[in-house]
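K.L.:
Got a sequence here, can you build the structure:
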Amino acid sequence: EALGASGLVAAVVAGLVTGIRAPRKISPRNRLSDSENWRTVEFVLEGVVFLTMGLQIKSIILSVQRDHAGVGPAVLIAVAALLITLLVRAAYVAPLLGVLAHRSRRYLRMQPRMEGLQERIATPEWQQQASERMAARGRKASERNLDRLATRITRGLADIDYFLRAPLGWREGTTVIWAGMRGAVTVAAAQTLPDEAPQRSVLVLVAFAVAVLSLALQGGTIGPLLRVIAPRQDATGADAQADEERTRLMELMRASAETVASPEIPEDAPRGERFLASKDHRIAVLEAQRSALLDARDNGVFDADVLEEALTDLDATQLAIELRGRSGV
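P.N.:
Numbering: from 1, shown residues only. Here you go, the predicted model:
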């Protein structure tokens, strides 16, 4: 805000950055505690925003009635603002779904070629050919460039698999549009207006009315709407798909664990030394598994919920090992 930027947008950006980088930079203990603490902080802050608005609402209404056209026009403006918000959201989501559908069809046509390329890209012969082609174009074929190409192919195949498994259609678009409710951020943004801002009381009242109408109308009807438009799903097929996803995940974790060599501990080594070596090896295995899962997350290979569950289990396991190590058990 001191630089003239938006503190709210800065907070959102900070949340995105820390959400992506936290599993690689923050310890398991802090991640587990933060996940619980921030839920409490979020609940308290949202409550404070609406509590502050409730304390101010009387004076705001009196100010609007005394100095402006009254509460009625402000509520009508809020209704119009909410409708415009929904229309703008629909005007963005509808073309986006069309672009995604076109991209999924194009990816589907490219899938066989990309799968073949993914199989060949790890071979020394293909890497040599790629190096020669890039050298002929005056570019240096570094290992980083080849890894970047492999990552793009992996992510492209993951996108294809996602669009085939969970295509985005009018049902998903309707859900995204109707679920975009206004709430604490809208009210907080209005409350940050300076006291000398023109029509401040009207703007704050309109923002609060938009939030209330959005939470009451959209929030109160999103459940029935989903029950009406959601297609019937085969529970057996969904469970089988989830089991297949977890099986692939376990295979990845097993393969990453095998990359960590077991320590060579003499049989006559003291019990404490054997315990510490075993503990360090187990933590190294967990770190390798976490790195593999985070790479898979970045590439979009697995379902986000399944990955989050696996990462939380790894954090809990590592924390338990570290606590046992402190107690010498």
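
K.L.:
so the residue of the chain positioned farthest from its centre, which of the three states?
P.N.:
Residue farthest from the centre of the chain, counting by Cα atoms, centre = their mean, is D268 at 49.4 Å. Put simply, D268 is coil when judged by DSSP: H, G, I helix; E, B strand; the rest coil.

K.L.:
tell me the contacts of it?
P.N.:
Neighbour list for D268: empty [criterion: Cβ atoms under 8 Å, 6 or more residues apart in numbering]. (C-beta placed from N, C-alpha, C; glycine too.)

K.L.:
can you give me phi and psi for it?
P.N.:
phi -90, psi 10 (degrees, to the nearest 10).

K.L.:
mind showing which ranges of the stretch 1-150 of the chain have poor pLDDT?
P.N.:
Counting by pLDDT under 70, the stretch 1-150 of the chain contains low-confidence ranges at 122, 127, 130, 134-143.

K.L.:
which stretches of it form helices?
P.N.:
Ranges of helices in the stretch 1-150 of the chain, per DSSP state H, counting those that start in this stretch, are 7-25, 28-67, 71-120, 124-136, 143-165.

K.L.:
Could you check those helices and tell me which one is nearest I229?
P.N.:
Closest to I229 of the helices of the stretch 1-150 of the chain is helix 71-120 (Cβ to Cβ; 14.5 Å).

K.L.:
between the closest one and helix 28-67, how many degrees?
P.N.:
Here helix 71-120 points in a direction 150 degrees away from that of helix 28-67 (axes from the mean of the first three to the mean of the last three Cα atoms, to 10 degrees).

K.L.:
Which strands or helices does helix 71-120 pack on?
P.N.:
Applying 3 or more Cβ pairs under 8 Å, 6 or more residues apart in numbering; DSSP states H and E, one finds that helix 71-120 contacts helix 28-67, helix 143-165, helix 170-178, helix 200-229.

K.L.:
Does the first one pack against any helices or strands, and if so which?
P.N.:
In terms of contact count using 3+ Cβ pairs under 8 Å, 6+ apart, helix 28-67 is assigned the packing partners helix 7-25, helix 71-120, helix 184-191, helix 200-229, helix 304-327.

K.L.:
Centre of the chain to it, how far?
P.N.:
Between the centre of helix 28-67 and the centre of its chain there are 23 Å (Cα atoms, centre = their mean, to the nearest Å).

K.L.:
what's the angle from it to helix 184-191?
P.N.:
With the same axes, to 10 degrees as the basis, helix 28-67 and helix 184-191 are set at 50 degrees to each other.
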